[in-house]
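Student: Sequence first, predicted model second:
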Amino acid sequence: MTRLLRQANAVSKGLFAISICTYAFLCPDWRILVGLGVGLLLVLGLTGELDRIVLLLVGVFLAALPMLLVLFIWGGVEKAGNWHDGVWLGLGWLGLYMLRVLIMVLVDLLVVKLTSFSTMLLSLRGLHLPGGVVLFISALVSMLPNILAMALRVIEVQRCRGFELKKMLRPSSLLPLFIPVFLAQMRRSTDLALSLELRGVSGEALVRGARLTVGAGDLLFVVAAALVWIGPISLDVIVG
Amino acid sequence: MQVLKLRSLSTAQVVFFASVVALDFGWGLVFKTALQLTAIHEVARLEMVVSVMLMVIARLMLDRFGTLILYELAWGLLAAVFMPAAGGQPGFLKLVPALTQGIIFDLLFSLLRHPLPVARAYVAILIGGVLGPTMAIFFRVAMGMPWATATQALFGISLLTSLVINGFGVYLALVVWKRISSLELVAMLRLP
Amino acid sequence: MITLDAVSFLPAGADQPILHDVSLTIGRGERIGIVGPSGSGKSTLGYHLCGVHRLALAGVTSGALTLDGRDALAGGQPGFAGLVGQNPEAQLFCRTVLDEVLLGPRMRGEAEAVCQGKAGALLARHGLGAKAEDKVTSLSLGQKQLTAILSMLAIEPKVLLLDEPTSYLDTATADRLFAHLDELSRSRGWIVCVIEHDRTRLAGFADRFLTMAEGRLVADGPLGPPPAPFTRPLGPAPNTRFAAGSAGEPLLCFDAVSFGYAKGVSNVTEIDFAVGPGECVALVGPNGSGKSTVLRLAKGLAKPGSGQVRLGRGLGQFADVGLMLQNPEEQIFAHTVAAECGYWLVNQGVAAAEREERVQCVLAALGLGGKLNRSPFSLSFGEKRRLCLASILVGAPSILCLDEPTTGLDDANMAAMADMIRRETAAGKAVLVASHEDAFVHMVATRVVRLEAGRKVGDHPMGEGTA
């Protein structure tokens, strides 16, 4: 099943993500949201994608908790008019809010982890978007790994003349870092573009002959996207 | 109003554009995530200074309606993929305020191109930049955050700091632009 | 195959052309060396020979340019030329080495089996066969440079331009590459143009030399004698007023220093040597031997995993060790040359008046005295390199560390750099230079320390043994 899900094109995955996010945004029932969250975690686990990155994200998420507790509890107290009811009201709101945010993050993670870069590019090409878009995204992804290395190199160069990272909180002291990195990126872009042009890689060449394919994995995603809306309604009807 | 047409951009311009978004994102990946762990990020998006600088310079380089819309769309997608829990909105929801902000930026940059050739950057970024915290709060309230005094105070502070930080960003961007705009490298990539 | 008739190129925003009335004809199978001082128009000429001037430059080309019988003033035909620039890292696009070499043939629509065969053969011939599936980001600079070159060889162009193709390659790899290029030009009629400062290597490859000076083609034929060393008078050494360490005691000492950038990896192992006042020690060795790492350790940019880096009494790494890294473009940011030069002094908290005096003194000594208020971005590469040196010397460090200070410099600028370093050494500074440029090492070093695979394998006074 994992292979099927990975082979699905980016369009069906995108539809799935939009559907789940929209549903989570609108759904007022915490039980459904908990079920959805557990379901997403299960799928992540079954596909082998429940790794340290997920835990790291949860950690980042929880780092915002203290501030959120203040906001929600204070709001609850204002609404309820007393501390006891206000705290419970605030915590209830916070729970619902966190569930919604968690589901959006999990669905995002699921789609990203099941989509390789080449699959995404194939989908974009298959949609016959302008070749420039495909080239844009390809170049974006190819340059990303080098950004940090380049920035670190410039930081090291400027450290030789007394630049310190802690001074970066003053906006004007960004210039010794920003300008060399920016110009280096510009040079890199022109060099890369020249190299690509010489090798025949232009926007239009990247989309020539591409087709969007639909498989079983796409059906799974589309069905899941629809089920999340139909399912709870059907359950309501069945249960009573 | 001159509109950005990807088909008419040279390979170098497309790659340059991608590199600026990559730079913005790469910068944010490190700085934003580090700041996220501090309370300061809730009220002051310090990493936005560089983002604003890059956006303004990109817009001055490729001076067409659509540049910042595409910029924000690409940035929002990257953020959704690589930083789903960081920043203002969770996951793919990031795309909504990003896109809206991009439209406002581009509209103001293009409409004020002749009346305010330099100051348009301040107008566009400050007005459009107010949208960021506004959309963030709107979605948070829609998702269940109480619109109470604390939230209103947080919104007010983040609006004010956003204005200050964005203002700084535009000022520094124009300083950088003054230094580099006459370079041959810039001439090669520019769409004036 | 290539004909230029009174070709000139005026860059955008400039009032002087950087190519003046160049006329020449190049036939199939010629091997061309393009030589000349920094800023003379070598690369610009090279771009025009390849027909990529519209892609690589912003400006107007006038005259007549014909490539393979076709008018090419608006640009050459796709697939006609291949080019590898000075920054090979920037030209790499794909994830793995094999993908990078396959990209061109695939884009041309060649059958996958043919593409794979071609790429495999190229990688195997140049010693990258075992690295075919490696990520491009994991390669050393030399391997990246080689990958970029092979990716161009794979498209089988009619004209190939290589700009400083051996700057990161070791001797064996460079020899292999030039042998291959020689074979390609003789057997397949490729025109191979090489821009290279190493005249010895060029003399062994090219049979025709285009000598550029100030945008003009001043010589076209066999390689002439090298130009006279740079004789522009420079000011007195700027830092003789400022204190160095006490005579005799080493100013910089490496005591059994080991260091690795990653866990389990040792980039330098048990490095042991010292640099005294008035000494210039050259660190030599192949790519990846740890030369740059040693310099970073001296400056304190990295901390040793074991052992110790000791400085002379009372000296600190922040203010007393000056380190100039390879690429001046990674440093320049200020609005004027003077501001760029004085940046270190600003960070040291030096008062404005003293700062101005020291900046003017240092810039004058390096021949940049008349350019204080110019934008540093408008300087030539050689001038930028001198500005970088000035921005370190202005701090009056007692210990001067220079990482490949001659990369991209022509003979004149190299001689000027050597002159400055000799003055600093004579003024009692300890100088540590990492360089793969033998001629430069002979000019400046009093002692040579050889590194291989992160270990010191030789340490002898200049003149004994080989550099």
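Tutor: Nice, thanks for sending it over.
Student: hey, let's count contacts and neighbours off CA atoms from now on
Tutor: OK.
Student: What degree of burial does residue A:224 show, as a neighbour count?
Tutor: By the measure other C-alpha atoms under 10 Å in any protein chain shown, the count of residues near residue A:224 is 18.
Student: wait, residue B:178
Tutor: Per other C-alpha under 10 Å, the neighbour tally for residue B:178 reads 11.
Student: and it, what pLDDT?
Tutor: Looking at residue B:178, its pLDDT reads 92.
Student: lowest-pLDDT helix or strand in chain B?
Tutor: Least confident helix or strand of chain B, by mean pLDDT, DSSP states H and E, is helix B:40-43 with a mean of 54.
Student: Give me the average confidence score over whatever helix or strand comes next after that helix.
Tutor: Counting by DSSP states H and E, the next helix or strand C-terminal to helix B:40-43 is helix B:48-61. Averaged over helix B:48-61, pLDDT sits at 92.
Student: name the helices or strands packed onto helix B:48-61?
Tutor: Judged by 3 or more C-alpha pairs under 8 Å, 6 or more residues apart in numbering or on different chains; DSSP states H and E, helix B:48-61 is in contact with helix B:11-36, helix B:67-82, helix B:149-180.
Student: what about 10 Å?
Tutor: Judged by 3 or more C-alpha pairs under 10 Å, 6 or more residues apart in numbering or on different chains; DSSP states H and E, the packing partners of helix B:48-61 are helix A:175-198, helix B:11-36, helix B:67-82, helix B:95-111, helix B:120-142, helix B:149-180, helix B:184-189.
Student: so who does the most centrally placed residue in chain A touch?
Tutor: Geometric centre of chain A, nearest residue: residue A:108, 4.7 Å, by C-alpha atoms, centre = their mean. Shown in contact with residue A:108 (C-alpha atoms under 10 Å, 6 or more residues apart in numbering or on different chains): A:13-14, A:16-18, A:20-21, A:102, B:80-85, B:90-93.
Student: Give the buried residues for the host helix or strand of it.
Tutor: Element membership for residue A:108, per DSSP H and E: helix A:83-113. Buried residues in helix A:83-113, defined by neighbour count with 16 or more other C-alpha atoms under 10 Å in any protein chain shown: A:86-94, A:96-113.
Student: what angle separates it from helix B:120-142?
Tutor: Relative orientation of helix A:83-113 versus helix B:120-142 (axes from the mean of the first three to the mean of the last three C-alpha atoms, to 10 degrees): 120 degrees.
Student: per-residue confidence averaged over helix A:83-113?
Tutor: Averaging pLDDT along helix A:83-113 gives 88.
Student: Okay, now the unreliable bits of the chain?
Tutor: Assuming you mean chain A. Scanning chain A for pLDDT under 70 picks out the ranges A:53, A:117-119, A:121-122, A:166-171, A:203-212, A:233-240.
Student: Oops, wrong one, chain C.
Tutor: C:224-248, C:464-467.
Student: Would you mind listing what in it touches chain B?
Tutor: Applying C-alpha under 10 Å from any C-alpha of the partner chain, one finds that chain C approaches chain B through C:11-14, C:54-59, C:333-336, C:375-378.
Student: hang on, isn't residue A:178 packed against residue A:152?
Tutor: No. When contacts are counted by C-alpha atoms under 10 Å, residue A:178 is not listed as touching residue A:152 (11.6 Å).
Student: Quick check: which of the contacts of residue A:108 are also close to chain C?
Tutor: Restricting the contacts of residue A:108 to those touching chain C (C-alpha under 10 Å from any C-alpha) yields no residues.
Student: and residue C:157, that one's in a strand?
Tutor: No. Per DSSP: H, G, I helix; E, B strand; the rest coil, residue C:157 lies outside any strand segment and is coil.
Student: Verify the stated contact: it with residue C:190.
Tutor: Yes. The pair residue C:157 and residue C:190 qualifies as a contact (C-alpha under 10 Å) at a distance of 7.3 Å.
Student: can you count the residues close to residue C:286?
Tutor: 17.
Student: list the contacts for the closest residue to it other than its chain neighbours?
Tutor: The shortest distance from residue C:286 to any non-neighbouring residue, by C-alpha to C-alpha, 6 or more residues apart in numbering or on different chains, is to residue C:170 (5.9 Å). Residue C:170 is in contact with C:142-143, C:285-288, C:436, counting by C-alpha under 10 Å, 6+ apart.
Student: Just name the closest of the residues you listed to residue A:142, please.
Tutor: Distance to residue A:142, by C-alpha to C-alpha, is smallest for residue C:143 among the contacts of residue C:170, at 18.1 Å.
Student: Does that closest one touch residue C:168 like I think?
Tutor: Yes. Assessed by C-alpha under 10 Å, residue C:143 is found in contact with residue C:168 at 8.3 Å.
Student: Now the common contact residues for the two.
Tutor: The contact lists of residue C:143 and residue C:168 share C:88, C:287, where a contact means C-alpha under 10 Å, 6+ apart.
Student: Around chain A, pick out the residues from the stretch 201-350 of chain C.
Tutor: So far as C-alpha under 10 Å from any C-alpha goes, the stretch 201-350 of chain C lies against chain A at C:296, C:299-302, C:317-319, C:321-334, C:340-348.
Student: Compare residue A:178 and residue A:152 (neighbour count), which wins?
Tutor: A count of neighbours by other C-alpha under 10 Å puts residue A:178 above the other of residue A:178 and residue A:152, at 21 against 14.
Student: just checking, what's the longest helix in chain C?
Tutor: For chain C, the helix with the greatest residue count under DSSP state H is helix C:171-188.
Student: So which elements touch that helix?
Tutor: Against helix C:171-188 (3+ C-alpha pairs under 10 Å, 6+ apart) you get strand C:31-35, helix C:112-125, helix C:141-153, strand C:159-163, strand C:191-195, helix C:199-205.
Student: Tell me which of the ones you listed sits nearest to residue C:180.
Tutor: Closest approach to residue C:180 among the helices and strands packed on helix C:171-188 is made by helix C:112-125 (9.0 Å; C-alpha to C-alpha).
Student: what comes into contact with the closest one?
Tutor: Under C-alpha under 10 Å, 6+ apart, the answer for helix C:112-125 is C:97-106, C:108-110, C:128-132, C:146-147, C:150-151, C:153-155, C:176-177, C:180.
Student: So for it, what gets flagged as buried?
Tutor: C:115-116, C:118-120, C:122-123.
Student: could you give the angle of it to helix C:141-153?
Tutor: Counting by the same axes, to 10 degrees, helix C:112-125 lies at 140 degrees to helix C:141-153.
Student: and the direction of helix C:112-125 versus that of helix C:171-188, what angle?
Tutor: Using the same axes, to 10 degrees: helix C:112-125 against helix C:171-188 is 130 degrees.
Student: How much space separates residue C:84 from residue A:57?
Tutor: From residue C:84 across to residue A:57, the span is 42 Å (C-alpha to C-alpha, to the nearest Å).
Student: show me what contacts residue C:348?
Tutor: Neighbour list for residue C:348: A:161-163, C:318-319, C:342, C:395 [criterion: C-alpha under 10 Å, 6+ apart].
Student: so which of the residues you listed comes closest to residue C:28?
Tutor: Residue C:28 has its nearest neighbour among these in residue A:161, at 50.3 Å by C-alpha to C-alpha.
Student: Leaving out chain neighbours, which residue sits closest to residue C:410?
Tutor: Spatial nearest neighbour of residue C:410, chain neighbours left out: residue C:37 (5.0 Å); criterion: C-alpha to C-alpha, 6+ apart.
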